[in-house]
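# Got a predicted structure plus its sequence, pasted below:
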Amino acid sequence: MGDPEKQPGPELERQTQKLRDHAVVRPQGGMPMRSSDLRSGEEAVVIGGSMAGLLAARVLADRFDRVTVIDRDRFPDGAKFRKGVPQSRHLHALLASGLQILEQLFPGLEAEWVAAGAVPIEWPRDMLVLTRRGWSDRFPTGIKILSASREFLEWGVRRRVAAFGNVRFLEGRDVTGLLADADRRRVEGLRIRARSSGGGPPAKATVTSFLGYASCYYAIPADFDADWRVLFLQADPAANARGGVLFPIEGNRWMVTLAGRGRDYPPTDEEGFLAFAGSLRSPLLHEAIRGAERLTPIHAYRQTDNQRRFYERLPRLPQRFLVIGDGVCAFNPLYGQGMTVAAQSALVLDRLLRERSNGALGDLPARFQREVARVSAAAWLMATGEDLRYPTTEGGERTLQLRLTHRYLDRVIGAAIRDKTVGLAFGKVAQLVAPPTTLFRPGILLRALLHGGARGTGAPPTTTGVSNRDRQRERHPPLADRRLPSG
Ligand SMILES: Cc1cc2nc3c(=O)[nH]c(=O)nc-3n(C[C@H](O)[C@H](O)[C@H](O)COP(=O)(O)OP(=O)(O)OC[C@H]3O[C@@H](n4cnc5c(N)ncnc54)[C@H](O)[C@@H]3O)c2cc1C
């Protein structure tokens, strides 16, 4: 492609170099504004068409004439792997808050997904969870999550976003920098080959537990019958830093992810993988998969640091430039927060755009980064706080306050696995539906102090009397009858 500095990607450069002034958005009449209400000549550009970028595009599509999503990948037609999202080979739990927001942004999406094979899960009724305080009781809470592969989820969202007439995708374009105006205060366009910038990089915090994943898919054995759908064997900081998760996903498959902290990485060969599964705190996962047919190679993933970039603290934030998703805050994936925080951040963008119905977007970047920092803060505290229980974790501080919080949360978990009130409160926090402060309310505090000392049962609560086999069958018709929505 010649000298990239001199020949910066002709089409992209032409289309994006002069981002037209979008400070003139003037919604007409009531909200929400549809694309038909928009004035011409207003364009938003999204770099990266993964979850965060797609959700941002969805919100922007209500406000701008045109939304252009640029990605270095070419998007596959269907729920398939692509290089730009290597983590999609591993478990991707969509938390309850994330699911609610996606349904809000794309009405009917949940039903569409379930019809195509995604598995609805009620937390913790459908799950066998071994916490560090023992097995959790299983009771109905109405907290719904959806289990599907990451490729399936992203494809579903991409199709919905692509259905907006004013959204277009520029694929196979690698954005490498921003074009700033003369005083470097405003982003004027993008560069696809050479570096440029609108200011210095933000400060960054990293907390790493040196966690490694190894994941693969299995066919759910035809004779598998259990009254649970999800198996979640958590690590115990005091005893065994290994964990494992088995989730049913579309296509009558299990997604199995094994995880080890402190550089105790799970192997990717069959024998080693099974041996690692056998070393978890319960033999149940190993028993489930040892006779099952493995459908994919075992893939490893090790970039699991918690990383937060403090854009909100930059003294000079470039105008007309927002950062969302993992670019702001990436979490240890074990807690399943990334997609949900991206969805919550997209809602922040939606609200701020609505509030600026007069078209004055000058303060948008500063407000957005401040509010996204606030939205990410609770998940960040939970993920890093939990990681800091492990002596091998680096970064962050083990303050007295953190140690006291650990002790209190131990009691909350001890109570949550038995007491439905505490269980529901804890579930809402873990699913990012409620803020962690709700766990310090008097009613919860009292129950945690009174009941939190107990340990769960030694045996897994597998007998609720409801067979799962019929539900599985109903959920997963034979492969030939199953059709994913067409693209
Ligand atoms: C192993 C693992 C497991 C995870 N499990 C969960 C989970 O269970 N639940 C959950 O909610 N989250 C999970 N996450 C987090 C989740 O994947 C992310 O939070 C989510 O994908 C949102 O990230 P993003 O869209 O900001 O960035 P990414 O998903 O990383 O996507 C970045 C996109 O930008 C494109 N791109 C990158 N650079 C350029 C460039 N220069 N020019 C053009 N395009 C570019 C890439 O091709 C890609 O499409 C997990 C993450 C990992 C690593």
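Thanks, I have it.

# how about low-confidence regions in the protein?
Flagging of the chain using pLDDT under 70 yields the residue ranges 1-41, 192-199, 456-457, 463-487.

# for the ligand, what are the nearby residues on it?
For the chain, the residues in contact with the ligand (CB under 6 Å from any ligand atom) are 47-53, 70-73, 84-85, 87, 90-93, 174-176, 213, 301, 325-327, 333, 336-340, 342. The way it works is simple: take the backbone N, C-alpha and C, and place the C-beta from them, glycine included.

# Looking at those residues, which are in strands?
Within those, residues falling in strands by DSSP state E are 47, 70, 213, 301.

# Can you tell me which of those is nearest the ligand?
Set against the ligand, the nearest of those by CB to the nearest ligand atom is Tyr301 (4.3 Å).

# Would you agree the closest one is in contact with Leu211?
No - the criterion here is CB atoms under 8 Å, and Tyr301 misses it with Leu211 at 9.2 Å.

# Who has more neighbours out of those two?
Using other CB atoms under 10 Å as the criterion, Tyr301 and Leu211 rank with Leu211 on top: 28 against 19.

# got a list of what that one touches?
Counting by CB atoms under 8 Å, 6 or more residues apart in numbering, Leu211 touches 259-261, 302, 304, 332-334, 387.

# on that earlier part again, ok, of the residues of the chain next to the ligand, which come out buried?
Buried subset of the residues of the chain next to the ligand (neighbour count, 16 or more other CB atoms under 10 Å): 47-53, 70-73, 85, 87, 90-93, 174-176, 213, 301, 325-327, 333, 336-340, 342.

# show me where the stretch 1-150 of the chain has helices.
Remark: helices assigned in the stretch 1-150 of the chain by DSSP state H, counting those that start in this stretch are 10-16, 51-60, 96-105, 109-115, 150-162.

# for these, which one sits closest to Thr438?
Checking these against Thr438 by CB to CB gives helix 96-105 as the closest, at 13.3 Å.

# which residues are contacting the closest one?
55, 58-59, 94, 109-110, 123, 143-146, 157, 339-340, 343-344, 346-347, 428, 431-433.

# are any of those buried, and which?
55, 58-59, 94, 109-110, 123, 143, 145-146, 157, 339-340, 343-344, 346-347, 428, 431-433.

# got a list of what whichever residue of the stretch 1-150 of the chain sits closest to the ligand touches?
Closest contact between the stretch 1-150 of the chain and the ligand, by CB to the nearest ligand atom, is at Gly84 (2.1 Å). By CB under 8 Å, 6+ apart, the contact set of Gly84 is 48, 50, 71-73.

# just the helices of the stretch 1-150 of the chain: most buried one?
Compared across the helices of the stretch 1-150 of the chain, helix 51-60 shows the largest average neighbour count, a mean of 26 (mean count of other CB atoms under 10 Å).

# Extract the C-alpha set from that helix and format it as PDB.
Taking C-alpha atoms only, helix 51-60 is exported to PDB below (Å, rounded to 0.1, in the frame of the first residue of the first chain):
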ATOM      1  CA  MET A  51     -20.200  -5.100  21.600                       C
ATOM      2  CA  ALA A  52     -19.400  -1.700  22.900                       C
ATOM      3  CA  GLY A  53     -19.100  -0.100  19.500                       C
ATOM      4  CA  LEU A  54     -22.300  -1.700  18.200                       C
ATOM      5  CA  LEU A  55     -24.300  -0.500  21.300                       C
ATOM      6  CA  ALA A  56     -22.900   3.000  20.900                       C
ATOM      7  CA  ALA A  57     -23.900   2.800  17.200                       C
ATOM      8  CA  ARG A  58     -27.400   1.800  18.200                       C
ATOM      9  CA  VAL A  59     -27.800   4.800  20.400                       C
ATOM     10  CA  LEU A  60     -26.100   7.200  18.000                       C
END
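
# name the helices or strands packed onto it?
With contacts taken as 3 or more CB pairs under 8 Å, 6 or more residues apart in numbering; DSSP states H and E, helix 51-60 sits against strand 43-47, strand 66-70, helix 96-105, helix 150-162, helix 338-355.

# Direction included, what does the following helix or strand past the fourth one pair against?
Once the chain leaves helix 150-162, the next helix or strand it forms, by DSSP states H and E, is strand 167-170. Strands flanking strand 167-170 in the sheet, each with its direction: strand 66-70 (parallel) (DSSP bridges).

# Return the residue spatially closest to the residue nearest the centre of the chain, with its sequence-adjacent residues excluded.
In the chain, the C-alpha nearest the mean C-alpha coordinate belongs to Met339, at 2.3 Å (CA atoms, centre = their mean). Excluding the flanking residues, the one nearest Met339 by CB to CB, 6 or more residues apart in numbering is Met51, at 4.9 Å.

# check contacts around that neighbour.
Met51 touches 153-154, 157, 325, 338-339, 342-343, counting by CB under 8 Å, 6+ apart.

# Quick check: buried residues in the lengthiest helix in the chain?
Taking DSSP state H as the criterion, the chain has its longest helix at helix 364-387. Residues of helix 364-387 classed as buried: 364-365, 367-373, 375-376, 378-380, 382-387 (neighbour count, 16+ other CB under 10 Å).

# Kindly report the same for stretch 205-224.
By neighbour count with 16+ other CB under 10 Å, stretch 205-224 contains the buried residues 207-218, 220, 224.

# Outline the domain layout of this protein.
The record's domain parsing of the chain by automatic domain parsing lists 10-86+152-204+307-376, 93-148+210-303+458-480.

# out of those domains, nearest to Arg441?
Closest approach to Arg441 among those is made by domain 93-148+210-303+458-480 (17.2 Å; CB to CB).

# Now do the closest one: distance to the chain's middle.
Here the centre of domain 93-148+210-303+458-480 is set off from its chain's centre by 16 Å, with CA atoms, centre = their mean, to the nearest Å.
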